[in-house]
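K.L.:
Could you look at this predicted model? Sequence included:
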Amino acid sequence: VGAGGSALRLPAAPRTRNGVLRSLARATPAAAVGCFRRRLPARSTLQMTAAPDAAAVKPAHAAAQERAEGAAAMPALTSEEIRSRFLKFYASRSHSVRESASLIPEDPTILLTIAGMVPFKRIFMNQVPAPDPPRATSSQKCIRTNDIDNVGVTARHHTFFEMLGNFSFGDYFKLEAISWAWELLTQEYGMPADRLAVSVYTEDDEAYDIWRDVVGVPESRIQRLGEEDNFWASGATGPCGPCSEIYYELEVDPNKAVDLQDDDRFVELYNLVFMQYNRTSEGTLEPLAKQNIDTGMGLERMARVLQRADNNFETDLFQPIVSTALQVALEAGVSPDGVAQTYANCSEQTKLSLKVIADHTRAVTHLAADGVRAGNVGRGYVLRRLVRRLIRHGRRIGVQGMFLRR
């Protein structure tokens, strides 16, 4: 019986729980969520699915070509469309759509809003009642400066970013979170399944089994990673838990095994945190009263993949600011590299400065809009540091005077 009491017609399947799960997931992915709300049994009780017939296995080069063709068929979406589709997807699954909270958090243990779950921390801690229904989705503005020196250097680091997220407050857990995440990426966004790979926490057999036996991800594209990569926390104390991350394969190499720590080949898109513990000030892990779901999908990274850009800065989120910064320099009679300029023919050093200007402009604007003022301590120092870096990189491309208002 599916959600709402409707009968489901299952295709023929082996008479094992594992076989029924796999067949149901193939036939009706959404219904699978409603049918198996309880936890899967321990991994040792699940029967392994037989390997495919050797004749059915495609040569590596043929499989790589198919993955490349699948990526070419993905729809090219604007950042607004990516955001809107995410929120509508979860709204249709009884999640209330929440406005982004301020970058100045109510939580006194952190300086700025660093993740999408921050506005919900008191709910996760069972300090205030959960909403009814106990589900939410949002596009939360965030600030992190721990990787500030990497901004503009790598393809993916930012200070300000938007985190798309769906949250469950003691309602659904791993099965639904994983199934919906896969459905969102492969059906709503049209990403080819064979370009995706997933990681799970080393000890999380339950998540591993769901990916392999319900979703159908090949074991070769599931990687177990340790606490540093796959155990998430919002700070030194507070809610935390193991996580599972979904990656997109940027460069198809049939001769290489999956290595999710290869940043040139794989980019992390979606982090599913199975929030089940509270870390105390003594560092001990205490089970939360309810098991929760906290997820995060970086809008900037999704835009890079769906807009087929070489890096996050060459998407519609950043290019208008980059183009304006370059235009300001040209209007001042300065050609940063001594030639007629477009972004494409700028030197790498000029591109770096333009990327920093674009990133920091977004961060400074939103911090100021939320009431932060430049100062020597706390949030004020974060803003002051960003402004100084922004001005310095403006000087490097020849911009003098005030230009941020442009």
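P.N.:
Happy to help now that I have it.
K.L.:
any idea of the pLDDT on the closest residue to Cys240 other than its chain neighbours?
P.N.:
Closest residue to Cys240 apart from its sequence neighbours, by Cβ to Cβ, 6 or more residues apart in numbering: Ala233 at 3.7 Å. C-betas here are computed from N, CA, C, even on glycine. Per-residue pLDDT puts Ala233 at 83.
K.L.:
Tell me how far Ala233 lies from Met302.
P.N.:
Using Cβ to Cβ, to the nearest Å, Ala233 is found at 24 Å from Met302.
K.L.:
cool, Ala76 as well?
P.N.:
In terms of Cβ to Cβ, Ala76 sits 12 Å off from Met302.
K.L.:
the more surrounded of the two?
P.N.:
When neighbours are counted by other Cβ atoms under 10 Å, Ala76 and Met302 differ, and Met302 comes out ahead with 27 against 8.
K.L.:
Which element is encountered next along the chain beyond the helix or strand that Gln327 is a member of?
P.N.:
Here Gln327, judged by DSSP states H and E, is contained in helix 319-331. Sequence order places helix 348-369 as the next helix or strand after helix 319-331, per DSSP H and E.
K.L.:
Against which helices or strands is that following helix packed?
P.N.:
strand 135-143, strand 160-169, helix 319-331, helix 378-396 (3 or more Cβ pairs under 8 Å, 6 or more residues apart in numbering; DSSP states H and E).
K.L.:
partners of the first one in the sheet?
P.N.:
Here strand 135-143 is paired, per DSSP bridges, with strand 96-98 (parallel), strand 160-169 (antiparallel).
K.L.:
just so I know, which of the ones you listed lies nearest Thr137?
P.N.:
Comparison of the strands paired with strand 135-143 against Thr137 by Cβ to Cβ identifies strand 160-169 as nearest, at 4.7 Å.
K.L.:
For the next helix or strand after the closest one, what does the pLDDT average out to?
P.N.:
Using DSSP H and E, the next helix or strand after strand 160-169 towards the C-terminus is helix 174-183. Helix 174-183 carries an average pLDDT of 98.
K.L.:
Between the two ends of stretch 301-314, how far is it?
P.N.:
Using Cα to Cα, to the nearest Å, one end of stretch 301-314 lies 11 Å from the other.
K.L.:
I meant to write stretch 393-406 there.
P.N.:
Start-to-end, stretch 393-406 (Cα to Cα) is 15 Å.
K.L.:
Just give the number of residues close to Gln127.
P.N.:
When neighbours are counted by other Cβ under 10 Å, Gln127 comes out with 8.
K.L.:
Go ahead and report the secondary structure state at it.
P.N.:
coil (DSSP: H, G, I helix; E, B strand; the rest coil).
K.L.:
how about low-confidence regions in the stretch 201-350 of the chain?
P.N.:
234, 338-340 (pLDDT under 70).
K.L.:
how near is Pro129 to Gly170?
P.N.:
Pro129 sits 11 Å away from Gly170 when distances are taken as Cβ to Cβ.
K.L.:
Mind telling me which of the helices and strands packed on helix 348-369 the model trusts least?
P.N.:
helix 319-331 (a mean of 92).
K.L.:
got a list of contacts for it?
P.N.:
313, 335-336, 341-343, 346, 354-355, 357-358, 361-362, 394, 397-399, 403, 406 (Cβ atoms under 8 Å, 6 or more residues apart in numbering).
K.L.:
Partner strands of the host helix or strand of Thr295, with direction?
P.N.:
For Thr295, the host element (DSSP H and E) is strand 285-298. Paired with strand 285-298 in the same sheet, following DSSP bridges, are strand 160-169 (antiparallel), strand 266-279 (antiparallel).
K.L.:
buried ones in that strand?
P.N.:
288, 290-298 (16 or more other Cβ atoms under 10 Å).
K.L.:
between these, which is closest to Asn166?
P.N.:
Comparing every one of the buried residues of strand 285-298 with Asn166 (Cβ to Cβ), the shortest separation belongs to Thr295, at 5.2 Å.
K.L.:
Thank you, goodbye.
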